[in-house]
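Participant: below is the structure, and that's it, no one-letter string:
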């Protein structure tokens, strides 16, 4: 059986704290938005929506994951039902 090098693995995986590693949360009406991480290439937000929230399309591509609940998404006049 191959020997495991756990300490060496931990040394490689330890990442120093970066400038934007502390989440920033803002609340506007029914939206609680937390910026988790951002770079020149992408940003990751956690959104908690308790009613209705309007967003402006600012990029050609966006990826959303629904972790809990249900709702609808309207993009360019097309409605999409969302259910977790």
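Facilitator: That came through, no problem. The model shown is predicted, which means the values in this text are computed figures rather than measured ones. Numbers count the residues shown, from 1 in each chain.
Participant: in a helix, that's where residue 7 is, yeah?
Facilitator: Yes: Residue 7: assigned to a helix according to DSSP: H, G, I helix; E, B strand; the rest coil.
Participant: number of nearby residues for it?
Facilitator: By other C-beta atoms under 10 Å, 8 other residues sit near residue 7. The way it works is simple: take the backbone N, C-alpha and C, and place the C-beta from them, glycine included.
Participant: again with residue 43
Facilitator: The tally of other residues near residue 43 (other C-beta under 10 Å) stands at 12.
Participant: same thing with residue 73?
Facilitator: Close neighbours of residue 73, defined as other C-beta under 10 Å, add up to 12.
Participant: do residue 31 as well
Facilitator: Counted by other C-beta under 10 Å, the residues lying close to residue 31 total 16.
Participant: beta partners of it?
Facilitator: residue 28, residue 49 (DSSP bridges).
Participant: so who does it touch?
Facilitator: Listed by C-beta atoms under 8 Å, 6 or more residues apart in numbering, the contact partners of residue 31 are 47-49, 53.
Participant: just the helices in the chain please.
Facilitator: 6-13 (DSSP state H).
Participant: pLDDT below threshold where in it?
Facilitator: For the chain, applying pLDDT under 70 flags the ranges 14-21.
Participant: can you rerun that using 80?
Facilitator: 1-22 (pLDDT under 80).
Participant: I'd say residue 35 and residue 24 touch.
Facilitator: Yes: shown here, residue 35 and residue 24 form a contact pair, counting by C-beta atoms under 8 Å, at 4.7 Å.
Participant: those two: who's more crowded?
Facilitator: residue 35 (15 against 11).
Participant: can you give me the strands in this protein?
Facilitator: Here the chain has its strands, by DSSP state E, at 24-28, 31-38, 43-49, 70-75, 78-83.
Participant: nearest to residue 9, out of these?
Facilitator: Set against residue 9 and scored by C-beta to C-beta, the strands of the chain come closest in strand 31-38, at 22.7 Å.
Participant: how about the closest one: buried residues?
Facilitator: Neighbour-count burial for strand 31-38 flags 31, 33 (criterion: 16 or more other C-beta atoms under 10 Å).
Participant: now the angle between strand 43-49 and it, please.
Facilitator: Angle of strand 31-38 versus strand 43-49, following axes from the mean of the first three to the mean of the last three C-alpha atoms, to 10 degrees, is 160 degrees.
Participant: kind regards, and thank you for your time.
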